[in-house]
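Q: Turn this into a model:
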Amino acid sequence: MKSKYGKAVTVTTSGQHALVRFDRGVNRNALDQDTILALTSVAHDLADALDIQTVVLTGANDIFSAGIDLKDPKKWKETETALLERRNVAQRGARLCRLWEELPQITIAAIEGPAVGGSAALALACDWRVMATNGFIYLPEAKVGLNMGWGAIPRMTSLIGAARTKRAILLAERLPAAMALEWGLIDAISEPLCAVETAQELAARSGETPAAILRMTKESVNASAIVLHRLGTYMGADQALVCRDSTEGASARAKFMGKP
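A: Okay, the predicted model is just below:
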């Protein structure tokens, strides 16, 4: 069924709660440009929704997302376009995460299965994360010749410190649910297929707080916690273009995708 946000993204509401699901049904639910733009539109709409106080964001039932779609022609076939257009496309992921981070509602990512690359960055932009026991976070960007963008580095560093952030990115370690919880990357663990339910329980508890107080508290905490994040990420899109168009980057991606 196609919603106002396209076939892959749906928004359902119940009282003061919203559930946002993105599920393409193909390519391990990788984030193509259409899905990124749709989730951006969702964030714009939620920002003005005074009747919604909590939002759960989830992917497919068996996988949160495989990250940026390396086969999406709208992302990877643009080398002949003007630099201004290429920068605009490259900035979409960071803009998406920033909009979700700035939502006035409490946002909770419900993760089933892998959360890879850009999708993990999107989950990090939420206030809390719930992961099923079969889930893990995996950041392969450095291994495929790309920078870790979308504002993920300062958000991770705030949560788990510099050393563990470098370890997760440079070694591309898979961080299963138990380790992610121990490190502080996630906030709760659920049984498989129960991440949304657990996230909604957290949402219901936070929704008991008066709406204005809930929003003011989030704004105050974020003002202290993320005030310097943009300083560390404003060049992310330009770094992405440099890395993507380099021979080293192309070689790394070809190796990762099993091409000669």
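Q: where does the stretch 1-150 of the chain have low pLDDT?
A: Across the stretch 1-150 of the chain, the ranges flagged by pLDDT under 70 are 1-2, 72-80.
Q: In it, mark out all the helices, start to finish.
A: 33-47, 73-76, 83-90, 92-101, 118-124 (DSSP state H, counting those that start in this stretch).
Q: Could you provide those in JSON lines, with additional columns for mean neighbour count?
A: To be clear about C-beta, it is placed using only N, CA and C from the backbone, and glycine gets the same treatment. Shown next, in JSON lines, are those (neighbours: other C-beta atoms under 10 Å):
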{"stretch": "helix 33-47", "mean neighbour count": "19"}
{"stretch": "helix 73-76", "mean neighbour count": "14"}
{"stretch": "helix 83-90", "mean neighbour count": "14"}
{"stretch": "helix 92-101", "mean neighbour count": "22"}
{"stretch": "helix 118-124", "mean neighbour count": "28"}
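Q: right, and those helices - which one's nearest residue 218?
A: helix 92-101 (10.2 Å; C-beta to C-beta).
Q: So which residues of the stretch 151-260 of the chain form strands?
A: All strands of the stretch 151-260 of the chain, identified by DSSP state E, counting those that start in this stretch, fall at 175-176, 188-190.
Q: Can you list the neighbours in contact with the first one?
A: This means strand 175-176. 135-138, 168, 183, 185 (C-beta atoms under 8 Å, 6 or more residues apart in numbering).
Q: Mind listing the residues bridging to residue 57?
A: residue 20, residue 109 (DSSP bridges).
Q: what number of residues lie near it?
A: For residue 57, the neighbour count with other C-beta atoms under 10 Å is 27.
Q: oh, and call the first residue 43 from now on, that's how I've got it
A: Happy to do that; since the first residue is 43 now, the last one works out to residue 99.
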